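**Q** any chance you can model this:
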Amino acid sequence: MDEVDFRTLPTEAGGPPDRNPYAALADLAPAAAFVRDVTGHYVWANHAYAHLYGTTRDAVIGRHLADLDGPADVARFLTLDQEVMTEGRPVRHTLTYQRADGCSGHAAGYRFPVRWGATPCVAGIYVDVTDYSQVLDQRHRAEADLRALRDHSGLACVRLTRGGRVSEAGTAVAEVLRVRLSDLIGLPADTLLADTPERATLQRTWGDLITGRRRSARVSAVLVDAEGWQRRARIQLTAVCDTVPHVTRASRVSGVWAVVTHLGLRDRAQPALTAAQVRILALLAAGGSNADIAEELHLSRQTVDYHLSRLRELLGAATRPALVARAYVLGILSPQAWPPRSATAAHPSSPV
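**A** Below is the predicted model:
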């Protein structure tokens, strides 16, 4: 790169340097710029550069680096200047400096050789990236916290793309599904679900989330592991939105976090129960007798007896207490509700 003479750039009809339109442009540019001689004295600086130190350009020009920066920074900056002068080419880098408020600032840009009249100098053009660096650090810390929560909290959670594929997953999910974590990444979520009535409801809810109509939802599903065993699960879904201004919520949704909040007993096959059978289980869990259940559901005693007999067969439970226990461990009844109700109820006040 040829050295540029800052004082002999084209001017209007050979006018003086202070009328140089290029100098005026550099002086008012938002990027911080300076020119220093080999001893570390400023021969020129623009307003943006002076602003970094909380002063004016006239107060910078003519002063030495040591008047603005600490001893460690002075030594580092002079070394960079000498590197540029020796190699005779631009150097791109980032640096930290002491701001006027006492905090550390961060800048990114170029340092390159120039001539100020007959004097060889070093020029620099930098953009203050302090705020950006702080935001980036905060984001990295948040992502690290999220990874720690995902991997060490014991929560079964996955992040899904808009297309419904697993992009991130916690070790707890891999254990539940009996797969290696590396094999789980990239799988379509549909392949992890049993074909149950809850699946259709979940798909409709998914559509609402990725189109921006809903931010979160709680759904039920039956998970299928690599060995073909099933577990009924309660799942919290939350849409993940990118912070892009001036776009619709739907276009900002980049994926969905799915967190399993309740997991039923692992079983070879989940019984397909009717709404009436689930309601009977809920009334039974609440302590209702056969007569109470018959009255509540407007059924005959014989019909209730038949349903209970059928339920004992379906759930593999020999007694009424065992029937209630199986309903809870299989995830048919919600362990977080009283009076007892179905774990798949769409609303807390709905029994089924």
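**Q** secondary structure element holding the nearest residue to T56 once chain neighbours are set aside?
**A** Counting by C-beta to C-beta, 6 or more residues apart in numbering, the nearest residue to T56 once its immediate chain neighbours are dropped is A50, at 5.3 Å. Yep, even glycine has a C-beta here, placed from its N, CA and C like the rest. For A50, the element it lies in under DSSP states H and E is helix 47-52.
**Q** OK, contacts around L78?
**A** L78 makes contact with 40, 65 under the criterion C-beta atoms under 8 Å, 6 or more residues apart in numbering.
**Q** quick one: pLDDT of it?
**A** The score at L78 is 92. That number is its pLDDT.
**Q** one more: P351?
**A** 46.
**Q** same for the strand or helix carrying R279, what does it pack against?
**A** For R279, the host element (DSSP H and E) is helix 275-285. Secondary-structure packing of helix 275-285 (3 or more C-beta pairs under 8 Å, 6 or more residues apart in numbering; DSSP states H and E): helix 290-297, helix 301-315, helix 320-329.
**Q** relative to the whole chain's centre, how far out is the longest one?
**A** Taking C-alpha atoms, centre = their mean, to the nearest Å, the mean C-alpha location of helix 301-315 is offset from the chain mean by 49 Å.
**Q** next one: stretch 86-100
**A** 32 Å.
**Q** contacts made by that stretch with the rest, please.
**A** Contacts of stretch 86-100 (C-beta under 8 Å, 6+ apart): 1, 3, 52-55, 69-70, 73, 76-77, 80, 83-84, 104-113, 126, 129-130.
**Q** what mean pLDDT does it have?
**A** pLDDT averaged over stretch 86-100 gives 81.
**Q** please save the CA atoms from it in PDB.
**A** Extracted in PDB, the C-alpha atoms of stretch 86-100 (Å, rounded to 0.1, in the frame of the first residue of the first chain):
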ATOM      1  CA  THR A  86       8.300  -1.400   9.900                       C
ATOM      2  CA  GLU A  87       6.100  -3.600   7.700                       C
ATOM      3  CA  GLY A  88       4.700  -0.700   5.700                       C
ATOM      4  CA  ARG A  89       1.200  -2.200   5.400                       C
ATOM      5  CA  PRO A  90      -2.200  -1.900   7.100                       C
ATOM      6  CA  VAL A  91      -2.900  -4.000  10.200                       C
ATOM      7  CA  ARG A  92      -6.400  -4.900  11.200                       C
ATOM      8  CA  HIS A  93      -7.000  -5.600  14.800                       C
ATOM      9  CA  THR A  94      -9.200  -4.900  17.900                       C
ATOM     10  CA  LEU A  95      -8.000  -3.200  21.000                       C
ATOM     11  CA  THR A  96      -9.200  -2.200  24.400                       C
ATOM     12  CA  TYR A  97      -8.700   1.300  25.900                       C
ATOM     13  CA  GLN A  98      -9.600   3.200  29.000                       C
ATOM     14  CA  ARG A  99     -12.700   5.400  28.600                       C
ATOM     15  CA  ALA A 100     -13.200   8.700  30.200                       C
END
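**Q** give me the low-pLDDT residue ranges for this protein?
**A** Scanning the chain for pLDDT under 70 picks out 1-24, 98-101, 143, 146, 149-153, 243-251, 268-271, 344-352.
**Q** show me where it has helices.
**A** With helices called from DSSP state H, the chain shows them at 21-28, 47-52, 57-60, 71-87, 130-152, 171-177, 181-184, 197-210, 249-252, 275-285, 290-297, 301-315, 320-329.
**Q** redo the ones you listed as a markdown table? Include distance to E227.
**A** Below are the helices of the chain laid out as a markdown table (distance: least, C-beta to C-beta, whole Å):
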| stretch | distance to E227 |
| --- | --- |
| helix 21-28 | 69 |
| helix 47-52 | 62 |
| helix 57-60 | 72 |
| helix 71-87 | 60 |
| helix 130-152 | 24 |
| helix 171-177 | 9 |
| helix 181-184 | 14 |
| helix 197-210 | 20 |
| helix 249-252 | 38 |
| helix 275-285 | 27 |
| helix 290-297 | 37 |
| helix 301-315 | 21 |
| helix 320-329 | 19 |
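**Q** next up, the contacts around the closest residue to D292 other than its chain neighbours.
**A** Spatial nearest neighbour of D292, chain neighbours left out: L283 (6.9 Å); criterion: C-beta to C-beta, 6+ apart. Taking C-beta under 8 Å, 6+ apart as the contact definition, L283 lies against 292-293, 296-297, 340.
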